[in-house]
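1. predicted model follows, preceded by the sequence.
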Amino acid sequence: MTTGGKHPRSDAVEPTRGPGTASRVSASHPSWRWLRSTRELQEQAFHVDFDEYKRDPDALADSIVWNHTALVVELSEFLGEVGWKTWSTPRGWVNRDAAVGELVDAAHFLANILVRLDVTDDEWERRYRDKQEVNRKRQANGYDARIGKCPGCGRAYDDAGVDCVDQRVSVGASDASVGPVTEIVRSAWCAVKRQAY
Ligand SMILES: [Zn+2]
């Protein structure tokens, strides 16, 4: 993949436009933190009252929906700065500055959603690193998308917040060459559907 961009652009992209994108804090500032500064920006510049979302579930839902919509739009705009189309040549060019700008825009709306859910920088870092470790283990163990998932809700057993359990029960090893013989008494219990499969 090459960067540098021979893409003929008909529209100039302004990476810092739009609501929620006018941060004045500097990433080089040692005390800068992504979600805390997002929350401050939302409160101070956009007059968001986070307590309102605790009182009014509809306000929270509306806010999540428009931030989600904006996030998807920004991600689409990012693709517009990349030669990704399989049916068009050349491929692999990147208007790097504009592309990164669109991802910064997308990150604003992702952060907006996270702070509405009361996620702190510490929780985000912990959850993100935990998932990295899960992915590391999945790859090391040969991740198979067909196994390790609850048949009731389709979520992976090792994902955060998934309480569904695989209930295969080992009944002992009868042949050392093939390992423990596992009898499926009840294969899984889905915490979402409160049902065995
Ligand atoms: Zn489940």
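-> Alright, I've got the coordinates.

2. flag the shaky bits of this protein, pLDDT-wise.
-> Along the chain, the model assigns pLDDT under 70 to residues 1-27, 168-186.

3. mind giving me the domain split of it?
-> Domain ranges of the chain: 1-143, 148-197, per automatic domain parsing.

4. these into a markdown table, with extra columns for mean neighbour count?
-> In this view, the C-beta of every residue, glycine as well, is placed from N, C-alpha and C. Listed next are the domains of the chain as a markdown table, based on neighbours: other C-beta atoms under 10 Å:
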| stretch | mean neighbour count |
| --- | --- |
| domain 1-143 | 14 |
| domain 148-197 | 13 |
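
5. next, the contact list for the nearest residue in space to Cys164 that is not next to it in sequence, please.
-> Spatially, and ignoring its direct neighbours in sequence, Cys164 is nearest to Cys150 (3.7 Å; C-beta to C-beta, 6 or more residues apart in numbering). Each residue near Cys150 by C-beta atoms under 8 Å, 6 or more residues apart in numbering is listed here: Ala156, Tyr157, Val162, Cys164, Asp166, Ala188, Cys190, Val192, Tyr197.

6. wait, what's in contact with the first one?
-> With contacts taken as C-beta under 8 Å, 6+ apart, Ala156 has the following neighbours: Gly148, Lys149, Cys150, Val162.

7. centroid-nearest residue for this structure?
-> Closest to where the C-alpha atoms of the chain average out (C-alpha atoms, centre = their mean) is Leu110, at 8.3 Å.

8. who's in contact with the nearest residue to it once chain neighbours are set aside?
-> Sequence neighbours aside, Leu71 is the residue nearest to Leu110 in space, at 5.7 Å (criterion: C-beta to C-beta, 6+ apart). Leu71 makes contacts with Ala106, Phe109, Leu110, Ile113, as judged by C-beta under 8 Å, 6+ apart.

9. Leu71: what secondary structure?
-> Under the three-state scheme (DSSP: H, G, I helix; E, B strand; the rest coil), Leu71 adopts helix.

10. just the strands in this structure please.
-> With DSSP state E as the definition, the chain shows strands at residue ranges 165-166, 169-170, 182-183, 188-190, 195-196.

11. the fourth one and the ion, are they touching?
-> Yes: looking at strand 188-190 against the ion by C-beta under 5 Å from the ion, the contacts come from Cys190.

12. what strands line up against that strand, and which way round?
-> Strand pairing for strand 188-190, determined by DSSP bridges: strand 165-166 (antiparallel), strand 195-196 (antiparallel).

13. need these in a markdown table (columns: distance to the ion).
-> Output for those, formatted as a markdown table (distance: least, C-beta to the ion, whole Å):
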| stretch | distance to the ion |
| --- | --- |
| strand 165-166 | 9 |
| strand 195-196 | 9 |
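
14. which of the contacts of Leu71 sits closest to the ion?
-> For those, the minimum distance to the ion (C-beta to the ion) is 23.8 Å, reached by Ile113.

15. pretty sure the closest one is touching Ile64, no?
-> Yes: applying C-beta atoms under 8 Å, one finds Ile113 in contact with Ile64, separated by 5.9 Å.

16. what parts of the chain come near the ion?
-> Listed as neighbours of the ion in the chain under the rule C-beta under 5 Å from the ion: Cys150, Gly152, Cys153, Cys164, Cys190, Val192.
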